[in-house]
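S.K.: coords below, sequence missing:
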């Protein structure tokens, strides 16, 4: 494709790391965050890949996100741990929290980590997959700034409230589910505006709350929930677990002072649950049965219009293999953005990164 | 309405209890199951109310469900408990399991109960609401016989895989979410056939896997997931947590011998998670903030076509209040069915139940 070039993932990760270090992020945190971004790019979740460096650049420069995430364990007891993310890059608290949840699960059968005062985590599936790779079933709930109305309403109260889980398998790679509880994220509508043409009527309402298929009329603060009231119910649970229970910000109005810079809320709360399959069924039997369930799904005849039948995360696994081999495609617009960031930071541009 | 009569809930519960006792169910179990059925009727979940007595009658008489649920605790350790439901009425194991999960949550911050070899639970929200009334946040996952295909497929591998949660509030009643992960349950299509007219295109495929709005063409073994692949992902999680992890039946083929009577699978697995808000935020603060979130939702201007904006479970709460006062409406068809059961069991009919 002429409007993008392929960049080896290692090169992209080294560059992302250099950008973060130049922003004052400590080496180990920069390594971790860069790895999480490139992992999202590898899996095709481009909205949560190095594309986010622009956001992190702006927020660290603007003082909304602190370059060093000074984590504090506020409470820990048995299977629970409660963490303050120190308003640093969310990935630092996210990895710490999920690893602690998994450790607790391996000891107690279940582990729960709650995090407040953290920021953007990147793709939530990064954390649940990490847990599954360590043998645990993991669930992750995260909230964020309020711009999505409740089902049937117009006031912005929720974020796109993502939910993710991952399940370890045996011969198969882990199953990974990672979705916004809105039908789509706002950037899909922004993209449709650039491309032109109609959008599905269930993506968003217009500014007056009426259904629309016109991306220009679709309001980014009137996104709609997947499956209507059923998806709204999932989003409400996400808000309760990640925002209310964790002593973080929630809804439109419950925002603590420290969560705001220049009137913009950047803090997010999240909750991770890890379960050890070994504590109930036994690890080997569990993995074998998950494989059997995946095999059953694969053996299903496809419905008309489908070529094959998949479990969550398979397309992303395939894309990862392809991009690991062929490089990560980056659009010229993104390359320009990265070049601008590198210039502002006085570091070598991506094309000169070894 | 002329095609139904109103019956006081206490009368209905006494009659349901008498039916179960006549089927050989011990008094205390009959009381519990009758209460759960009438509670569903009160909340307007008629598909999971006394309507189920016919199913229970057939299954107990047919030897598929045992009149006494001989529960066995297979394993317990810290926050976990693993239970064998003894193929008795599911409500008995369900209440036992949820109460143990809540006890564990109050002790450890989180409690997890897994159940295998159980049967139909009635409405899943009964258990999560029960936990919320005892102060815990609860999540419930349940699987069942395979008749729903994976997203994009045609082979029946999953059940309607319900998911429920409930959250305690302060001044407000608990928030209760209780849904099938399919757009609708099969009985809605059966009902549409009786009534005639079109059904929404996302309810089910026809027998060849093509979309249809004709209820006669819609296949009860091709129900579709709410929100497409996003709802499918929730159903897959339900299958993993309630069927695989619990050492219960799962998918189409993994069915242990004891789960089958006359070739029909009746056993279900389930998993309950209870969280104590007091272990993280503190109980009083949590309840106050849930109230604030509910108030925010209520204060949202409604979108066109909506009169007000609600949180999950509110309509059911209102229906419960109305039916508690005015009685539970029962259709004549259901009354005839109950009369037939009473006659077969040689007990007093509903109209003579005090």
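M.R.: Looks like it came in fine. Note that the coordinates shown come from a computational prediction; the quantities given were computed from them, not determined experimentally.
S.K.: okay, CA-based contacts and neighbour counts for the rest of this
M.R.: Fine.
S.K.: spatially central residue for chain A, please.
M.R.: Geometric centre of chain A, nearest residue: residue A:123, 2.0 Å, by CA atoms, centre = their mean.
S.K.: residue A:100 against residue A:113, yeah?
M.R.: Yes - using CA atoms under 8 Å, residue A:100 is in contact with residue A:113, at 7.1 Å.
S.K.: name the residues contacting each of those two.
M.R.: Residues touching both residue A:100 and residue A:113 (CA atoms under 8 Å, 6 or more residues apart in numbering or on different chains) are residue A:81.
S.K.: of these two, which one has the most company?
M.R.: Set side by side, residue A:100 and residue A:113 show more neighbours around residue A:113, with 27 against 21, by other CA atoms under 10 Å in any protein chain shown.
S.K.: is it true that that one touches residue A:103?
M.R.: No - counting by CA under 8 Å, residue A:113 stays clear of residue A:103, with 10.6 Å between them.
S.K.: mind checking what secondary structure the residue nearest to the centre of chain A has?
M.R.: Per DSSP: H, G, I helix; E, B strand; the rest coil, the local secondary structure of residue A:123 is coil.
S.K.: the residue in the stretch 251-354 of chain A positioned nearest to chain B pairs with what?
M.R.: Using CA to the nearest CA, residue A:302 is the residue of the stretch 251-354 of chain A that sits closest to chain B, at 4.2 Å. Counting by DSSP bridges, residue A:302 is bridged to residue B:153.
S.K.: ok, it - how many residues close by?
M.R.: 21.
S.K.: residues near residue A:32, how many?
M.R.: So residue A:32, with other CA under 10 Å, has 15 neighbours.
S.K.: what of residue A:348?
M.R.: Counted by other CA under 10 Å, the residues lying close to residue A:348 total 15.
S.K.: and what of residue A:6?
M.R.: If we define neighbours as other CA under 10 Å, then residue A:6 has 14 of them.
S.K.: ok but it is inside a strand, no?
M.R.: Yes - under three-state DSSP, residue A:6 sits within a strand.
S.K.: that one and residue A:17, how far apart?
M.R.: 18 Å (CA to CA, to the nearest Å).
S.K.: wait, what's in contact with the residue nearest to the centre of chain A?
M.R.: By CA under 8 Å, 6+ apart, the neighbours of residue A:123 are A:36, A:40, A:45, A:48, A:178.
S.K.: any idea how far residue A:270 is from residue B:79?
M.R.: Using CA to CA, residue A:270 is found at 21 Å from residue B:79.
S.K.: and the contacts of residue A:123, which is closest to chain B?
M.R.: Nearest member of the contacts of residue A:123 to chain B, counting by CA to the nearest CA, is residue A:178, at 8.9 Å.
S.K.: would that closest one count as being in a strand?
M.R.: Yes - assessed with three-state DSSP, residue A:178 lies in a strand.
S.K.: tally of neighbours for it?
M.R.: By other CA under 10 Å, 23 other residues sit near residue A:178.
S.K.: backbone dihedrals for the residue nearest to residue A:244 when sequence neighbours are not counted, please?
M.R.: In space, and not counting its chain neighbours, residue A:244 is closest to residue A:250: 6.1 Å by CA to CA, 6 or more residues apart in numbering or on different chains. Backbone geometry at residue A:250, expressed as degrees, to the nearest 10, gives phi -150, psi 160.
S.K.: what residues are up against residue A:250?
M.R.: Counted by CA under 8 Å, 6+ apart, residue A:250 has contacts A:143-144, A:146, A:158, A:239-240, A:243-244, B:293.
S.K.: quickly list what it is bridged to.
M.R.: Beta-bridge pairing for residue A:250 (DSSP bridges): residue A:254.
S.K.: same question, residue A:83
M.R.: residue A:73, residue A:115.
S.K.: thought it was touching residue A:69?
M.R.: No - because the distance of 11.6 Å does not satisfy CA under 8 Å, residue A:83 is recorded as not touching residue A:69.
S.K.: what is in contact with the two at once?
M.R.: Going by CA under 8 Å, 6+ apart, residues that sit against residue A:83 and also against residue A:69 are residue A:93.
S.K.: okay, now residue A:64: neighbour count?
M.R.: Applying other CA under 10 Å, we find 22 residues neighbouring residue A:64.
S.K.: how close does it get to residue A:86?
M.R.: Between residue A:64 and residue A:86 the distance is 11 Å, computed by CA to CA.
S.K.: does chain B have contacts with the biggest helix by length in chain A?
M.R.: Longest helix in chain A, counting residues (DSSP state H): helix A:90-108. Yes - judged by CA under 8 Å from any CA of the partner chain, helix A:90-108 and chain B are in contact via residue A:108.
S.K.: contact partners for residue A:107?
M.R.: Residues near residue A:107 by CA under 8 Å, 6+ apart: none.
S.K.: so which of the contacts of residue A:123 sit within strands?
M.R.: Among the contacts of residue A:123, the members found in strands (DSSP state E) are residue A:178.
S.K.: what's the nearest residue to residue A:306 if we skip its chain neighbours?
M.R.: Closest residue to residue A:306 apart from its sequence neighbours, by CA to CA, 6+ apart: residue B:152 at 5.8 Å.
S.K.: does that neighbour touch residue A:303 like I think?
M.R.: Yes - counting by CA under 8 Å, residue B:152 touches residue A:303, with 5.3 Å between them.
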